[in-house]
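Novice: Provided below for reference: sequence and predicted model.
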Amino acid sequence: KTFLDSLYALKDSVAKLANMAGGALGTGAVAQDIDRALIKLDQVRTKVTQVRALLKNKDLVEFIAVALPTTLAALETERLVAHLESGIIRSLIVNKVCTSFTSSQARLLAKNQRQCITELKNKFHQQPNTLNVITVPFITDAELVGPDALRYLLTSTHLNAILTDLPSPQNQISSLLVVGGKGGVGKSTLAATLAVAKADQGFKTVLVSTDPAHSIGDALALDVVSPGILTPVLPNLDILEIDADAAALEAKQLLADAAFTALENRNQDTTGIAALVDALETPPPGVDELVALLKVLDLLRDKNIDTVVLDTAPTGHTLRLLQLPDLLDEFADKAIAARTKIKANPLLRAALKAVGVDISDVNMENGLAQDDDKLRDLQDRAFAMDAILHDPNRAEFIMVAAPNALSVAETLRLRSALQEQGIPHKRLLVNGLVDDNDDAIAAFANSLQHTQRSALTRLNSLAKSYDLRLTIVPQFDTDLTGRFGLMALGAVLFNP
């Protein structure tokens, strides 16, 4: 049952209560406001119902899966196809496949990558607080999966040098590293690399993923990861993949208990209060991220943990995650203010009493006081998390980008948002840069065909198992942006 369905169930009860309150106040303004809101709710509900039906119409809608020819992408795509309703996905596109990538093409790609990095640095130099841009070269030897491969990435690149400059635990106060950026740029691999490095330094480290795709287990070559449970990986490293379903359940318990437990326990099923609690207990999408952030806070407060590395979802979700402390604080203020107004207004109290809710009852008063305590606690936790996120001695947001035009554009937007919110960020990791010397270019052109082979085999098998149309898109030597770039891509997609 969705949040909108639960809210819609309030319609008759809220309208009844509004009419009573309006009558007591001698005006119909309250009822009129409710009527207007309910009309809008009807309209939204109708549109949502139509969208639901459309998404299930296999004659009109098709979900197209897109993957890169890498092990992590193949594993994630397998989970996606298995999870969605049978028949919804009928096509699989594998992008950036190097079946016949020449050295001259690799050289042009390397040149275009450096142009993107130059553009990025120029943009950053125009802004206050110059950012340290660190390039992470493309590793041609093999795919980087498992702790040993991640250690190799650390020691063979510039990543090792930044470890001494990252926030570190001091006097039993833990540190937080948040890794974020556009989807597909290697966030999970780099977050796992930093977590392994911190653990190897002797710090008790927890790597947490708020990305519903959950790739950190894949990056560490773990066969089984139990969502929502700390999983030991190395002597000083545990991982925690936030269970989205369990987090949603916790979120609805958190909000409903804090806001309306006392009213729910005392209602006589005539006021719609139970329906209101039910609406809060089916929160809209995104509230589960609130629980994820509070779990991070709990880990940071654990005296046995030194460092938390947070692998986030793609940029849009990450920005929403970082705004949650403020939203949670606002929610608590509004909920407390609303209850205070109800208790202070004799006419509203009389209207509630007439339908079975007496908030002057001693037990009810005690229950509301307990709820206020829960809301204040929620507010305190929001303040605490917000303070950590803004403390440069304790936390840092590490941006990750790929050396291409789309990633550059999104990274610029991300940095602007971090500056606006005052989140500490000092460095950007540009991942997958092709060295421009002749030996590296030749190795890049040759090795990709080898390293992609295993992932392509998995994706081919997936396509056969689910009877998916498989389209292979080659690795281009330039960014496919603008009219002509998209036309070139379209020629491959629609004329394979």
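Specialist: That came through fine.

Novice: Identify each buried residue in the helix or strand hosting Leu154, please.
Specialist: Using DSSP states H and E, Leu154 maps to helix 147-155. The neighbour-count check on helix 147-155 (16 or more other C-beta atoms under 10 Å) flags 147, 149-154 as buried. Where C-beta positions appear, they are placed from N, C-alpha and C, glycine not excepted.

Novice: Now do the helix or strand containing Ala197 against helix 147-155: the angle between them, please.
Specialist: Ala197 is part of helix 187-200 when elements are defined by DSSP H and E. Counting by axes from the mean of the first three to the mean of the last three C-alpha atoms, to 10 degrees, helix 187-200 lies at 90 degrees to helix 147-155.

Novice: Please save the CA atoms from helix 187-200 in CSV.
Specialist: These are the backbone C-alpha positions of helix 187-200, laid out as CSV (Å, rounded to 0.1, in the frame of the first residue of the first chain):
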residue,chain,number,x,y,z
LYS,A,187,32.3,5.4,-6.5
SER,A,188,31.9,2.0,-4.9
THR,A,189,35.3,0.8,-6.0
LEU,A,190,37.1,3.9,-4.7
ALA,A,191,35.0,3.9,-1.4
ALA,A,192,35.9,0.3,-0.9
THR,A,193,39.6,1.1,-1.6
LEU,A,194,39.7,3.9,1.0
ALA,A,195,37.9,1.6,3.5
VAL,A,196,40.5,-1.2,3.0
ALA,A,197,43.3,1.4,3.3
LYS,A,198,41.9,2.7,6.6
ALA,A,199,41.5,-0.8,7.9
ASP,A,200,45.1,-1.7,6.9
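
Novice: Contacts made by the helix or strand just after it with the rest, please.
Specialist: For helix 187-200, the following helix or strand on the C-terminal side (DSSP H and E) is strand 205-209. With C-beta atoms under 8 Å, 6 or more residues apart in numbering as the test, strand 205-209 has contacts from 188, 191-192, 195, 198-199, 215-216, 230, 233, 236-242, 292, 295-296, 299, 305-311.

Novice: Now the buried members of those residues.
Specialist: 188, 191-192, 195, 198-199, 215-216, 233, 236-242, 292, 295-296, 299, 305-311.

Novice: Count residues in the vicinity of Ala82, would you?
Specialist: 12 (other C-beta atoms under 10 Å).

Novice: Which of the residues in the helix or strand harbouring it are classified as buried?
Specialist: In this structure, Ala82 sits in helix 71-83 according to DSSP H and E. The neighbour-count criterion (16+ other C-beta under 10 Å) identifies 71-78, 80-81 as the buried residues of helix 71-83.

Novice: okay, the residues you listed in JSON lines with pLDDT and distance to Val408 next?
Specialist: Converted to JSON lines, these look like this (pLDDT from 0 to 100; distance: C-beta to C-beta, whole Å):
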{"residue": "Thr71", "pLDDT": "85", "distance to Val408": "26"}
{"residue": "Leu72", "pLDDT": "86", "distance to Val408": "22"}
{"residue": "Ala73", "pLDDT": "87", "distance to Val408": "21"}
{"residue": "Ala74", "pLDDT": "89", "distance to Val408": "27"}
{"residue": "Leu75", "pLDDT": "88", "distance to Val408": "28"}
{"residue": "Glu76", "pLDDT": "88", "distance to Val408": "24"}
{"residue": "Thr77", "pLDDT": "90", "distance to Val408": "26"}
{"residue": "Glu78", "pLDDT": "89", "distance to Val408": "30"}
{"residue": "Leu80", "pLDDT": "87", "distance to Val408": "27"}
{"residue": "Val81", "pLDDT": "86", "distance to Val408": "31"}
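
Novice: Which one of the residues you listed is nearest to Pro169?
Specialist: Closest approach to Pro169 among the buried residues of helix 71-83 (C-beta to C-beta): Leu72, at 29.2 Å.

Novice: ok so, going back, so can I have JSON lines of the buried residues of helix 147-155 showing pLDDT and distance to Leu486?
Specialist: Conversion of these to JSON lines gives the following (pLDDT from 0 to 100; distance: C-beta to C-beta, whole Å):
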{"residue": "Pro147", "pLDDT": "91", "distance to Leu486": "40"}
{"residue": "Ala149", "pLDDT": "89", "distance to Leu486": "35"}
{"residue": "Leu150", "pLDDT": "90", "distance to Leu486": "35"}
{"residue": "Arg151", "pLDDT": "91", "distance to Leu486": "40"}
{"residue": "Tyr152", "pLDDT": "88", "distance to Leu486": "37"}
{"residue": "Leu153", "pLDDT": "88", "distance to Leu486": "33"}
{"residue": "Leu154", "pLDDT": "88", "distance to Leu486": "37"}
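
Novice: need the next SSE after the helix or strand containing Lys47, C-terminal direction.
Specialist: If you go by DSSP H and E, Lys47 is part of helix 29-55. Using DSSP H and E, the next helix or strand after helix 29-55 towards the C-terminus is strand 63-67.

Novice: Could you pull out the buried residues of that next one?
Specialist: For strand 63-67, the neighbour count (16+ other C-beta under 10 Å) marks 65, 67 as buried.

Novice: Show me what that strand is in contact with.
Specialist: 73-74, 76-77, 80-81, 84, 88-95, 459, 468.

Novice: How about stretch 221-240?
Specialist: Taking C-beta under 8 Å, 6+ apart as the rule, stretch 221-240 contacts 145-147, 195-196, 198-200, 202-209, 214, 216-217, 220, 241-244, 246-247, 295, 299.

Novice: Please name every helix or strand in contact with the helix or strand harbouring Gly490.
Specialist: Taking DSSP H and E as the criterion, Gly490 maps to helix 482-494. Here helix 482-494 touches strand 469-474, going by 3 or more C-beta pairs under 8 Å, 6 or more residues apart in numbering; DSSP states H and E.

Novice: Tell me the strands beside the strand it packs on, with direction?
Specialist: Applying DSSP bridges to the sheet, strand 469-474 is found paired with strand 89-97 (parallel).

Novice: how far off helix 71-83 does the strand it pairs with point, in degrees?
Specialist: Interaxial angle of strand 89-97 relative to helix 71-83 (the same axes, to 10 degrees): 170 degrees.

Novice: The nearest residue to Ile216 once chain neighbours are set aside: neighbouring residues, count only.
Specialist: Excluding its sequence neighbours, the residue lying closest to Ile216 (C-beta to C-beta, 6 or more residues apart in numbering) is Ser209, at 4.7 Å. A count of neighbours around Ser209, defined by other C-beta under 10 Å, yields 27.

Novice: after the worst-scoring helix or strand of the chain on mean pLDDT, next one along is what?
Specialist: Across the helices and strands of the chain, mean confidence by mean pLDDT, DSSP states H and E is lowest for helix 273-280: a mean of 43. Downstream of helix 273-280, the first helix or strand assigned by DSSP H and E is helix 288-301.

Novice: Against which helices or strands is that following helix packed?
Specialist: Helix 288-301 packs on strand 205-209, helix 244-266, strand 307-311, helix 315-344, helix 362-389, going by 3+ C-beta pairs under 8 Å, 6+ apart.

Novice: which residues touch the third one?
Specialist: Okay, so that is strand 307-311. So strand 307-311 is contacted by 168-169, 174-179, 187-188, 191-192, 194-195, 198, 203-211, 215-216, 296, 299-300 (C-beta under 8 Å, 6+ apart).

Novice: other SSEs contacting the helix holding Ala82?
Specialist: Going by 3+ C-beta pairs under 8 Å, 6+ apart, helix 71-83 lies up against strand 63-67, strand 89-97, helix 216-219, helix 453-465.

Novice: Low-confidence ranges, the stretch 51-200 of the chain, go.
Specialist: Low-confidence segments of the stretch 51-200 of the chain, defined by pLDDT under 70: 85-87, 125-129, 140-142.

Novice: Repeat the analysis, applying 50 as the threshold.
Specialist: By pLDDT under 50, the stretch 51-200 of the chain contains no weakly predicted segment.
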